[in-house]
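A.B. asks: For reference, the sequence and a predicted model appear below.
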Amino acid sequence: MAGKPAAPLNLDAGFVALKNQVIERTGHFYYHDKDDLLWERIRKRLRATGCRDSIDYLERLNDPALGPAEWARLEAEITIGETFFFRYAEQFAALRERILPEIVERRRSDRRLRIWSAGCATGAEPYSVAILLKQLLGDDLENWRVAIIGSDINEAFLDTARQAEFGRWALRTLSPEDRAAYFEPSGDRDRLRLRKEFRSLVRFERHNLLSLLEGTSPLQFTEFDLVLCRNVLIYFHPDTAIRIVRALSDTLREGGWMLLGHAEPNPAFASFLKVLNLPGTVAYRRGSQEAEGQGTPFSEIASLLALPSHTPPSCAPLPRPARRPPERKPAPRPVRPLFPVAGQAPAALPRCPDSILAEVRALADSGRFREAEDLCRKALAAQPLSPALHFYEGLIAQALEKPAAAEEAFRRSIYLDKSFAMAHYHLGLLLVADGRRGAGRRSLANAGRIASGLPGETVLDEADGITAEEMRGLVRLHLRAVSRPEKGE
């Protein structure tokens with residue numbers, strides 16, 4: 001059963017020129033092959049401004065009086081603002097256990113810390129670092145001069161960050177105890193506000209990373225002990241990304257650390273930064289000669305499956321939508337029929353447009369879970385055989401605290417695409433959290449086996465840029481976590 005072919009894009013004659021100028025100004029090379037996604041964003045601004053077409057809108061952008069404000073609105077529209085606390089648990093484990101303790105010890109003589117969260121969106125990342133520092137230093141924190149700067153090109157994101165109020169979606173990796181410890185009630189009963197002791201450590205400023213290349217970056221963006229620039233480089237052309245990382249390295253103190261997104265490491269970075277392989281992640285240092293060993297081989301998974309389990313890991317982050325590779329051939333599972341095709345999975349899988357998946361995420365990111373759920377249902381009515389839509393349906397169900405519905409959605413996604421590693425992965429986490437640890441370990445191991453059959457640099461579908469090699473590392477970590485016996489076992 002094949003889905004309906006996607007409708008052709010109705011791009012006007014000026015779109016290409018407009019697209020080129022957008023990419024040139026913002027550096028968002030991410031959109032060079034995503035006309036449908038960019039056009040969807042631009043159409044919103046056409047409607048808002050009353051412009052007739054791309055040419056008319058381009059004239060507005062180039063107007064000396066109207067252009068600056070409209071560029072800011074367009075940049076806000078095309079920038080993806082996915083953010084939540086302690087995103088990428090492995091990197092925050094490295095920060096907690098290795099990176100921040102080393103920085104604190106090295107800076108103990110003058111008790112000054114400078115940290116930059118570049119491309120911070122609505123602020124969850126720098127605030128997460130502030131929480132870690134408070135945990136690490138305790139009451140001694142008041143004796144340190146700490147400056148954590150969160151920057152972004154999007155002023156609307158920064159305004160939201162300064163308010164420090166977050167909905168359940170941004171707090172989804174935190175336990176109820178952690179929420180109570182770090183947050184307090186706000187004026188909105190559906191949102192919590194970060195406590196002042198953490199807010200006071202962070203300030204927010206607008207900054208365009210391209211200014212580092214143009215020599216116009218403000219002077220305060222220098223002498224950092226730690227720079228985080230995660231899931232930002234994916235927007236830029238690879239050559240530009242290398243230049244940006246080199247420029248970021250120049251903002252570090254000697255021995256300073258840098259963390260990038262899971263999909264963003266590049267062998268070229270080793271020519272000007274020291275590469276350190278830490279458990280579950282890669283870190284970089286300026287002028288450091290230290291080195292770490294490689295992780296444990298993935299073959300350990302088989303033996304781990306036979307061991308008893310432990311408490312469930314926290315929910316893994318919601319992945320950013322990614323383009324699916326051409327056609328995958330699904331395999332049937334012996335489960336009850338889910339669709340009108342009797343007894344077997346469909347022969348061809350329709351691809352859901354990136355713009356629909358992005359819209360689902362945008363709704364969820366803003367805490368509008370019901371709307372995201374409704375959009376998923378409408379999209380599934382048109383494309384019931386889309387594994388990606390069922391996958392996001394499951395993630396949203398989890399956010400709405402509907403574990404049974406989430407499990408069913410993940411299983412539908414796997415039924416349609418047995419090699420969908422992220423669906424296996426999230427199903428495994430869900431099952432472990434529900435106490436079904438044996439089934440959870442099997443699902444996690446399935447994700448690992450799928451990843452082990454791919455080249456290490458392969459970017460997995462709907463995985464926020466996570467590669468097959470990184471997935472193997474994630475699975476190893478989770479299987480180790482659930483392999484330790486609980487008390488009484």
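C.D. replies: Looks like it came in fine. Numbering: from 1, shown residues only.
A.B. asks: those strands in the stretch 251-400 of the chain, which residues are they?
C.D. replies: 252-260, 274-278, 281-285 (DSSP state E, counting those that start in this stretch).
A.B. asks: Export stretch 38-58 to CSV, keeping only CA atoms.
C.D. replies: Provided in CSV are the C-alpha atoms of stretch 38-58 (Å, rounded to 0.1, in the frame of the first residue of the first chain):
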residue,chain,number,x,y,z
LEU,A,38,12.4,27.0,4.2
TRP,A,39,9.4,27.9,1.9
GLU,A,40,7.0,27.0,4.7
ARG,A,41,8.8,29.4,7.0
ILE,A,42,9.0,32.2,4.4
ARG,A,43,5.3,31.9,3.5
LYS,A,44,4.5,32.7,7.1
ARG,A,45,6.4,36.0,6.8
LEU,A,46,4.8,36.7,3.4
ARG,A,47,1.4,36.4,5.0
ALA,A,48,2.4,38.5,8.0
THR,A,49,3.9,41.3,6.0
GLY,A,50,1.4,41.3,3.1
CYS,A,51,4.1,40.8,0.6
ARG,A,52,3.0,39.3,-2.8
ASP,A,53,5.9,37.0,-3.5
SER,A,54,9.6,36.4,-2.8
ILE,A,55,10.7,39.3,-4.9
ASP,A,56,8.5,41.7,-3.0
TYR,A,57,9.7,40.2,0.3
LEU,A,58,13.3,40.5,-0.7
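A.B. asks: what about the residue lying closest to Ser217 once chain neighbours are set aside, which helix or strand?
C.D. replies: Spatial nearest neighbour of Ser217, excluding adjacent residues (Cβ to Cβ, 6 or more residues apart in numbering): Ser211 at 4.3 Å. The way it works is simple: take the backbone N, C-alpha and C, and place the C-beta from them, glycine included. Ser211 belongs to helix 210-214 when assigned by DSSP states H and E.
A.B. asks: Name the surrounding residues that touch that helix.
C.D. replies: 26-27, 217-218, 221, 240, 243-244, 247-248, 251 (Cβ atoms under 8 Å, 6 or more residues apart in numbering).
A.B. asks: what's near enough to touch Thr458?
C.D. replies: Here Thr458 is in contact with 467-468 (Cβ under 8 Å, 6+ apart).
A.B. asks: And for His32, the neighbour number?
C.D. replies: 12 (other Cβ atoms under 10 Å).
A.B. asks: again but with Glu184, I slipped
C.D. replies: When neighbours are counted by other Cβ under 10 Å, Glu184 registers 11.
A.B. asks: what is the mean pLDDT for whatever helix or strand it lives in?
C.D. replies: Using DSSP H and E, Glu184 falls within strand 183-185. Across strand 183-185, pLDDT averages out at 92.
A.B. asks: For Leu133, list the residues it contacts.
C.D. replies: Counting by Cβ under 8 Å, 6+ apart, Leu133 touches 100, 113, 141, 146, 148, 201.
A.B. asks: where does it land in three-state SS?
C.D. replies: Look at Leu133: counting by DSSP: H, G, I helix; E, B strand; the rest coil, its state is helix.
A.B. asks: Select the helix or strand of this structure having the lowest average pLDDT value.
C.D. replies: helix 300-304 (a mean of 32; mean pLDDT, DSSP states H and E).
A.B. asks: Now tabulate the strands of the stretch 251-400 of the chain in JSON lines and tack on mean pLDDT.
C.D. replies: Shown next, in JSON lines, are the strands of the stretch 251-400 of the chain (pLDDT from 0 to 100):
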{"stretch": "strand 252-260", "mean pLDDT": "95"}
{"stretch": "strand 274-278", "mean pLDDT": "88"}
{"stretch": "strand 281-285", "mean pLDDT": "90"}
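A.B. asks: distance between the following helix or strand past the helix holding Ser211 and the chain's centre?
C.D. replies: Once the chain leaves helix 210-214, the next helix or strand it forms, by DSSP H and E, is strand 224-229. Centre-to-centre, strand 224-229 and its host chain are 18 Å apart (Cα atoms, centre = their mean, to the nearest Å).
A.B. asks: And for stretch 390-408?
C.D. replies: Computed by Cα atoms, centre = their mean, the chain-centroid distance of stretch 390-408 equals 18 Å.
A.B. asks: Need the contact partners of it.
C.D. replies: Residues outside stretch 390-408 that contact it (Cβ under 8 Å, 6+ apart) are 168-169, 172, 315, 318, 357, 360-361, 364, 369-370, 372-373, 376-377, 380, 409-410, 412-413, 416, 420, 422-423, 426-427, 430-431, 433-434, 462.
A.B. asks: Flag the shaky bits of the stretch 1-150 of the chain, pLDDT-wise.
C.D. replies: Along the stretch 1-150 of the chain, the parts satisfying pLDDT under 70 run over 1-10, 30, 80-82.
A.B. asks: where exactly do the strands run in it?
C.D. replies: 112-118, 145-152.
A.B. asks: Mean neighbour count, those strands: which tops it?
C.D. replies: Greatest average neighbour count among those goes to strand 112-118 (a mean of 23), per mean count of other Cβ atoms under 10 Å.
A.B. asks: okay, the angle between it and strand 224-229?
C.D. replies: Per axes from the mean of the first three to the mean of the last three Cα atoms, to 10 degrees, the angle that strand 112-118 makes with strand 224-229 is 10 degrees.
A.B. asks: What strands line up against strand 112-118, and which way round?
C.D. replies: The strands beside strand 112-118 in its sheet (DSSP bridges) come out as strand 145-152 (parallel), strand 224-229 (parallel).
A.B. asks: So which of the contacts of stretch 390-408 belong to helices?
C.D. replies: 357, 360-361, 364, 369-370, 372-373, 376-377, 380, 409-410, 412-413, 416, 422-423, 426-427, 430-431, 433 (DSSP state H).
A.B. asks: For the helix holding Ser211, the averaged confidence score.
C.D. replies: Mean predicted confidence for helix 210-214 is 88.
A.B. asks: which of the residues in it are buried?
C.D. replies: 210, 212 (16 or more other Cβ atoms under 10 Å).
A.B. asks: What separation is there between the residue nearest to Ser151 when sequence neighbours are not counted and Asn154?
C.D. replies: Residue nearest to Ser151 in three dimensions, not counting chain neighbours: His207, with 3.7 Å by Cβ to Cβ, 6+ apart. Separation of His207 from Asn154 (Cβ to Cβ, to the nearest Å): 11 Å.
A.B. asks: what's the answer for Arg112, then?
C.D. replies: Taken as Cβ to Cβ, the span from Arg112 to Asn154 is 29 Å.
A.B. asks: In TSV, list the strands of the stretch 251-400 of the chain along with distance to Arg449.
C.D. replies: What follows is these, written out as TSV (distance: least, Cβ to Cβ, whole Å):
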stretch	distance to Arg449
strand 252-260	27
strand 274-278	23
strand 281-285	22
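A.B. asks: wait, which of those is closest to Leu137?
C.D. replies: Across the strands of the stretch 251-400 of the chain, Leu137 has its closest neighbour in strand 252-260 (17.1 Å, Cβ to Cβ).
A.B. asks: Pull out the buried residues from the closest one.
C.D. replies: Neighbour-count burial for strand 252-260, counted by 16+ other Cβ under 10 Å, picks out 252-253, 255-260.
A.B. asks: Now do it: distance to the chain's middle.
C.D. replies: Counting by Cα atoms, centre = their mean, strand 252-260 comes out at 21 Å from the chain centroid.
A.B. asks: got it, and stretch 389-408?
C.D. replies: 18 Å.
A.B. asks: Show me which parts of that stretch are buried, residue by residue.
C.D. replies: Of all the residues in stretch 389-408, those buried under the rule 16+ other Cβ under 10 Å are 389-400, 405-408.
A.B. asks: same deal with stretch 441-448?
C.D. replies: Buried residues in stretch 441-448, counted by 16+ other Cβ under 10 Å: 441, 443-448.
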